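> please find the sequence and the predicted model below.
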Amino acid sequence: MVVIGGGATGAGVLRDLAMRGLTATLMERGDFTSGTSGRYHGLLHSGARYVESDPLSARHCIEENAVLRRIAPGTIEATGGYFVATPDDPDDYLDRFPAACAAAGIDAEPVALDELFRAEPLLNRGIRAAYRVQDASLEPWELVDATLASALEHGATAHRYRPVIGIERGPAGEIRAVRTRDARSGEEATVACRAIVSASGAWAGQVAALAGATLHMSPGKGSMLVFNRRLTSAVVNRLAPPGDGDILVPVHTVCILGTTDITVEDPDDARVTADEVRALLAEGDRLVPGMSGARVLRAYAGSRPLYDAAELDGRAQHDDSREISRAHHVIDHGARDGVGGLWSIVGGKLTTYRLMARDTVDAVAQSLGNKKPCRTADEVLPVPAGSRAYWLGDRLAAVEADGGGDADLVCECELVTRARLTHALDERSDSSLDDLRRTTRLGMGPCQGAFCIPRATATLDARRADGRLDDAAPDANDALRAFAAERFRGTRPIAWGDQLTELWLSAGIFRGTLAADALPPSAGRDDATR
Amino acid sequence: MPRADVVVIGAGLAGLSCAAELAAGGARVCVAAAGYASTHWTHGGVDVAAPAAAKTSREGVTTLAAVDGHPYAWLAGSLDAAIAAHRTRMETAAIGVVGTIDDPLVAIPTAIGALRPAAILPAAQAPALRPWGGDGLLLVGIGRYRDAWASYAARNLRASAWADGPREVRAVEVDLPDLAELNNLNAPSLARRFDDAAWRARALRTIAARIPVGAWRIGLPAVLGVEAHAAVLEEARSALGHDVVELPSLPPSVPGMRLAAALERQILAADGRVQVGFDVVEVERDRRRIIAIHTEAASRTLRLVADAFVLATGGIGGTGVRAHPDGRLEERVLGLPVAAPPRDRWFSEDPLVPHPLEAAGIVVDDVHRPVGDDRMPLLDNVRVIGSALAGMRYLSERCGDGVALASAHHVASSLARPAVAA
């Protein structure tokens, strides 16, 4: 079996296949969790967001919410969540909400307003009603890494930076192999397989096309803003039909306001527009008045893996991507397109990734005559070796407990020590700085890399000189330029106030003092330096 | 109630230089600043002008003076006197300034091993300007100090096309005394250790023991003392037996701290006042004149009355100009109009190339009064200097220090003439 896509769904499918004794390998075109899974707001849904618009998705969410709390507790911060009715939210929605939650099996407990404002003093005092739900903050990188670690324990393998460039089929149209290319070395390889699960989300149409199947995805771009601190301590949702800027999620030291929803042609279109930023801030102000004046660190966007199921039975397709169900669909391209052995798993939420994987693997296993039951909800995920603490306080304690050179902070904003960085490089010695960001939070704080980028680059380069980096690892100077560009992409849409001044400071360091724009194309490789 | 001839708002290179010159000329000067500024964030050299293809700063100034709206269009003539005045101030402070605007712009190494153009540097950085002849460059990294990357820089410099560069570039990592148990050392904390005579003697012996045979210039992090810098530099040269080149790295910048401290001392010595750390909270005006500003102070506000006010609050980087989410740019103290490109053209795609927004700032007339769209002065007794000015792009043109010094000198000389303040 080959699984295509190294986000939450692909990792979940890989783990489920492996736990049922199937031999499986995963191919991810970039870094693990670098697509939609790593570019969402970090919310573990209670499902209450969808009780009215999408009851099936709501039920899935609340069931999986409980499962994930059981199997991946280390990746979840139990912030709790509120649904609040601001003066701008419709009365009829508020009236129907309790019954809709009850029907979906979601606990929504009314909260007295004075209690709400004691707990969340920055919220809009015009809020008329509030319910408490089982929302939480979920760390996607930890979750995917833990899921992959479990899959590997069960005998699976997973490869990153291996885009699939072709799918080979036999005379009857059946899947025989995938062809991949190493994104760094350019080396191509063929991996024989009996079946493929495409867990490539918004990119599933492109993968299906490689096998000659047609799958029309409707990628929904969702843009989010990261604020430099927590404005609330719990998740806060608007009591209204899903809309722009209606969810605020506390994540680590920051909070994230999401999301917009715009149908895009190209799932790689992750550009946050000025209109989106305006819309998010305007809505954010209704939740937390003055929020638009708070410091925004960056903006980013992910591509929802939306699939308009109307296509399946020839119904008219939806015009607005908000109308497309968030429920998931397992598509058997054998039955549908005559491509036996290709399955696509589309739709769904990160919260329901395990359920999506189960439904997919149920179908695949059945076709292969494998009758083993799904056990992914029973077995707790491993905590990745050298566990990366979720809490900043834990990281601080680790910094203080540790001593010597490795306790030096490479990234002050996120308390990333040299020890953490080198540990991450030991684990994955082909990492770029952006890959290290996903495993350590390097560069995610207010300065967006102004201080940590040169430090981390020099660390990468020193390890290369010591022969401790994979040959596939990017050159140090390329790593510096690429990460500086990546951080800039997120700052540019929200460059005002203190964050624009910070950007100018960063430009002064990179261009003025260090002249990083004049670095040689690649750092020298000779090590006659000591 | 404090009353001054001139209140300078802002404590960067422009503000402090202007205040020092006014104070030295006998004016009663008060500097009020929200915080220390560009000096503490940058390399401490004097970037006058280095647009592409310029062979000297003078050539660069000529090129920039021809750019529409660039302050060098009228400041070029003030530059020689401004730099001479700066040189005198830095020599008084034993920091020194080497190089002139007619010297060739030379490629000098940065802390990551890139090359940047420079012509005028403080004495501690200046040996990088001198022809290398047969000298090698030995970069010294200091164990426990995170921001000197000697090996990485050396590899980059060896991979660079460094015309007329050193014979060879090598790196050594040295552990200095008593640092083993410390974490997160930054440049100022190391520099303060170098201020200690006994410690630096041990540290310099440790470094000297690691220098290979041959003719070298020793590239050290820019941490050679704050208060005792001149002595540290002198002892470093003699203890190491080679010339020493300071390489500035991440902020806080020790060379910049020395510079700011030197100017501040000179202002105080000439009976000026310097008040750093407090924002302007209120401005009293009467038609086209500012009467007084009020700054925050300990548990009260302080009213500063003056005949003239010099706005040296910096641009976006110095927080003198602040952007709003809707793309509006606000001059924060006096609410002056800010000239800038439209919001959708502020940035280039790549962070390491010029951005149109760099040119944003306050448009002034030839005596540096802020003007409106009709080019008429908005305020008669206000002068705007430094990187708050529109039309300069200090990141791309490397002209920030030259514009700061020239505008400071231009305004200081005009305000020193009583008629102008009237």
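Yes, it's here.
> ends of stretch A:265-275, how far apart?
18 Å (C-alpha to C-alpha, to the nearest Å).
> ok, stretch B:49-68 next?
End-to-end for stretch B:49-68, by C-alpha to C-alpha: 16 Å.
> what distance separates the helix or strand harbouring residue B:201 from the centre of its chain?
According to DSSP states H and E, residue B:201 maps onto helix B:197-208. Helix B:197-208 has its C-alpha centroid displaced from the chain centroid by 29 Å (C-alpha atoms, centre = their mean, to the nearest Å).
> what's that helix packed up against?
helix B:187-195, helix B:229-240 (3 or more C-beta pairs under 8 Å, 6 or more residues apart in numbering or on different chains; DSSP states H and E). Every residue, glycine included, has its C-beta placed from N, CA and C.
> and for the closest residue to chain B within the stretch 51-200 of chain A, the neighbour number?
Relative to chain B, the nearest point of the stretch 51-200 of chain A is residue A:122 (18.4 Å; C-beta to the nearest C-beta). Other residues lying near residue A:122 total 17 when counted by other C-beta atoms under 10 Å in any protein chain shown.
> tell me the contacts of it?
Contact analysis of residue A:122 by C-beta atoms under 8 Å, 6 or more residues apart in numbering or on different chains lists A:231-232, A:288-289.
> hmm, residue B:129 is touching residue B:116, no?
No. Counting by C-beta atoms under 8 Å, residue B:129 does not reach residue B:116; the two are 11.9 Å apart.
> anything in contact with each of these two?
Listed contacts common to residue B:129 and residue B:116 are residue B:108; contacts here mean C-beta under 8 Å, 6+ apart.
> sorry, back to before: tilt between the helix holding residue B:201 and helix B:187-195?
Going by axes from the mean of the first three to the mean of the last three C-alpha atoms, to 10 degrees, helix B:197-208 is angled at 100 degrees with respect to helix B:187-195.
> after helix B:197-208 comes which helix or strand?
strand B:216-221.
> partner strands of that next one, parallel or antiparallel?
strand B:136-142 (parallel), strand B:243-247 (parallel) (DSSP bridges).
> let's have the ones you listed in CSV, adding mean pLDDT and mean neighbour count.
Formatted as CSV, these follow (pLDDT from 0 to 100; neighbours: other C-beta atoms under 10 Å in any protein chain shown):
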stretch, mean pLDDT, mean neighbour count
strand B:136-142, 98, 24
strand B:243-247, 98, 24
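> can I get those in a markdown table including distance to residue B:388?
A markdown table is the format used below for those (distance: least, C-beta to C-beta, whole Å):
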| stretch | distance to residue B:388 |
| --- | --- |
| strand B:136-142 | 37 |
| strand B:243-247 | 29 |
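> all helices for the stretch 1-150 of chain B, in order.
Using DSSP state H, counting those that start in this stretch, the helices found in the stretch 1-150 of chain B span residues B:13-24, B:38-41, B:57-65, B:72-75, B:79-92, B:150-159.
> closest one to chain A among those helices?
Across those, chain A has its closest neighbour in helix B:150-159 (3.6 Å, C-beta to the nearest C-beta).
> elements contacting the very next helix or strand once past the closest one?
Of the helices and strands lying after helix B:150-159 in sequence (DSSP H and E), the nearest is strand B:169-174. If you count contacts as 3+ C-beta pairs under 8 Å, 6+ apart, strand B:169-174 packs onto strand B:136-142, helix B:150-159.
> next, count neighbours for the spatially closest residue to residue B:366 that is not a sequence neighbour.
Excluding the flanking residues, the one nearest residue B:366 by C-beta to C-beta, 6 or more residues apart in numbering or on different chains is residue B:74, at 5.1 Å. Neighbourhood size, residue B:74 [other C-beta under 10 Å]: 17.
> look at residue B:74 and report its pLDDT.
Looking at residue B:74, its pLDDT reads 96.
> just residue B:417 next, same as before
Confidence score, pLDDT, at residue B:417: 60.
> equivalent analysis for residue B:38, please.
Reported pLDDT for residue B:38: 87.
> now do the phi/psi pair for the closest residue to residue A:292 other than its chain neighbours.
Leaving out its chain neighbours, the residue that sits closest to residue A:292 by C-beta to C-beta, 6+ apart is residue A:281, at 4.0 Å. Dihedral pair for residue A:281: phi -60, psi -40, per degrees, to the nearest 10.
> where does the residue lying closest to residue A:443 once chain neighbours are set aside land in three-state SS?
Excluding the flanking residues, the one nearest residue A:443 by C-beta to C-beta, 6+ apart is residue A:449, at 3.9 Å. When classified by DSSP: H, G, I helix; E, B strand; the rest coil, residue A:449 comes out as coil.
> who are the neighbours in contact with residue A:449?
Going by C-beta under 8 Å, 6+ apart, residue A:449 touches A:442-443, A:483-484, A:487, A:506.
> pLDDT score assigned to residue A:392?
pLDDT for residue A:392: 67.
> same thing with the one 4 residues further on?
Reading off the per-residue confidence, residue A:396 sits at a pLDDT of 71.
> nearest residue to it other than its sequence neighbours?
residue A:415 (5.8 Å).
> is that neighbour in contact with residue A:397, as I believe?
No. Taking C-beta under 8 Å as the definition, residue A:415 is not a contact partner of residue A:397, at 10.0 Å.
> and residue B:415, which helix or strand is it part of?
helix B:400-416.
> quick one: that helix to chain centroid distance?
Here helix B:400-416 shows a centroid-to-chain-centroid distance of 14 Å under the convention C-alpha atoms, centre = their mean.
> next one: stretch B:83-96
On C-alpha atoms, centre = their mean, the centre of stretch B:83-96 falls 14 Å from that of its chain.
> got it, and stretch B:358-367?
19 Å.
> swap in stretch B:396-412?
Distance, centroid of stretch B:396-412 to centroid of chain: 10 Å (C-alpha atoms, centre = their mean).
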